[in-house]
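# need a 3D model of the sequence below.
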Amino acid sequence: MVTNKLIRSEKIEEQIGAVLNRVRYLQKKIITFQAEAKTAANQIEVSARESLHKVFDEGLTLLGKGIVTGRKATESFVAETHRKAKKLKREAHAVEVAEDIVTEVIPDKVNSKKNNTISAKSVSVKNQMKTLKSKGRKNKANFATTARAH
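The predicted structure is shown next:
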């Protein structure tokens, strides 16, 4: 019986030794796992920051392109508006000149009625004046519509 108890106690000691060895091994593994987890977390953080940096840079690039495009569109609109305004001024001036010419020609026309003839010059000037007036009205209306739209 004593030998059985000795054998049992030796087996228990061996089992305790094996458990203690396993605990030491697991403690070392836990330390290794913690270090690996910390390294992996750092790598993930670095890659996440790089990805965010790329997205942010691309967003800024797109925003910059949008601003440049918007600025170009604005400049183009302003230039077009100035061109239309100059054109309207020229046409308005042409209408004024045509009206002046017609007022000068009308006395001719009155005098020529006495002879029952109308000079061809007064008719062509009158037609030109009508054309310029209608163009001027159309352009003013178009310009106002365009200006309101933008």
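# where does Lys72 sit, in terms of helix or strand?
helix 2-114 (DSSP states H and E).
# same for that helix, what does it pack against?
Of the remaining helices and strands, those touching helix 2-114 by 3 or more CB pairs under 8 Å, 6 or more residues apart in numbering; DSSP states H and E are helix 120-149. The C-beta positions use only the backbone N, C-alpha and C, and glycine is treated the same way.
# could you pull up the mean pLDDT of the helix it packs on?
The average of the pLDDT scores along helix 120-149 is 63.
# same question for stretch 87-104.
In this model, stretch 87-104 carries a mean pLDDT of 75.
# with stretch 46-57 instead?
Rounded mean pLDDT across stretch 46-57 is 92.
# what residues sit buried inside that stretch?
By neighbour count on 16 or more other CB atoms under 10 Å, the buried set for stretch 46-57 is empty.
# any idea how far Glu13 is from Leu6?
10 Å (CB to CB, to the nearest Å).
# could you do Leu63 as well?
Counting by CB to CB, the gap from Leu63 to Glu13 is 73 Å.
# go on, Glu91?
Glu91 is 114 Å from Glu13, by CB to CB.
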